[in-house]
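Novice: Generate coordinates for the sequence data below:
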Amino acid sequence: MKKNDVIMIAVIVVIALGAFAGINLYGEHNTKDAQAVVTIDGKEYGSYPLAEDTIVKIESENGGFNLLVIEDGAASVEEASCPDKICVRHKPIDKTGETLVCLPNKVVVEIENGEAAEVDASTN
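Specialist: Predicted structure coming up:
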């Protein structure tokens, strides 16, 4: 290898490390502001930051409940009074626009101000 090859490789490595650090810092900034916004029957019930681990019992007017758990920067429903438990079986959410829905209790949990969700598919 010649001297210029080594210099070019070093410059490329420095640029790649800089880009990697910038992406990680930007990602950390986005997730610090992310919140799980809970609505019941279209009315806002509460807003909870994903940066803080917490457990919230969401009680709806019909007597039902959902246990929202925010842990490690993601929100999930661990327990619910609904018969089908679809909301409990759903994977934890952490990206903007992702939602957890419990139709029997009319509860919706949506992530706002978080990292953008990746596109699953595209049609032309």
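
Novice: what are the phi and psi angles of V14?
Specialist: Per-residue torsions, V14: phi -60, psi -40 (degrees, to the nearest 10).

Novice: Count residues in the vicinity of it, would you?
Specialist: Here the number of neighbours of V14 (other Cβ atoms under 10 Å) works out to 10. For the C-beta atoms, the positions are set from N, CA and C on the backbone; glycine is no exception.

Novice: F20 versus that one, what's the distance?
Specialist: Per Cβ to Cβ, to the nearest Å, V14 is found 11 Å from F20.

Novice: Could you report the distance from the residue nearest the centre of the chain to A19?
Specialist: Central residue of the chain (Cα atoms, centre = their mean): D94, 0.9 Å from the mean position. Distance, D94 to A19, using Cβ to Cβ: 23 Å.

Novice: what's the answer for G42, then?
Specialist: Counting by Cβ to Cβ - G42 and A19 are separated by 43 Å.

Novice: Please say which of these two ends up with more neighbours.
Specialist: A19 (10 against 7).

Novice: quick revisit: just to check, the residue nearest to the centre of the chain is in contact with A34?
Specialist: Yes. The pair D94 / A34 is scored as a contact, 6.9 Å apart, by Cβ atoms under 8 Å.

Novice: burial measure for V88, as a count.
Specialist: 16.

Novice: Equivalent analysis for I86, please.
Specialist: 15.

Novice: which residues of this structure fall in strands?
Specialist: Secondary structure of the chain (DSSP state E): strands at 35-40, 43-49, 54-59, 65-71, 74-80, 95-96, 99-102, 107-112, 115-116.

Novice: which of the residues in the fifth one are buried?
Specialist: Buried residues in strand 74-80, counted by 16 or more other Cβ atoms under 10 Å: 74-77, 80.

Novice: The third one now?
Specialist: For strand 54-59, a neighbour-count test (16+ other Cβ under 10 Å) marks 56, 58 as buried.

Novice: With that, I have no additional questions.
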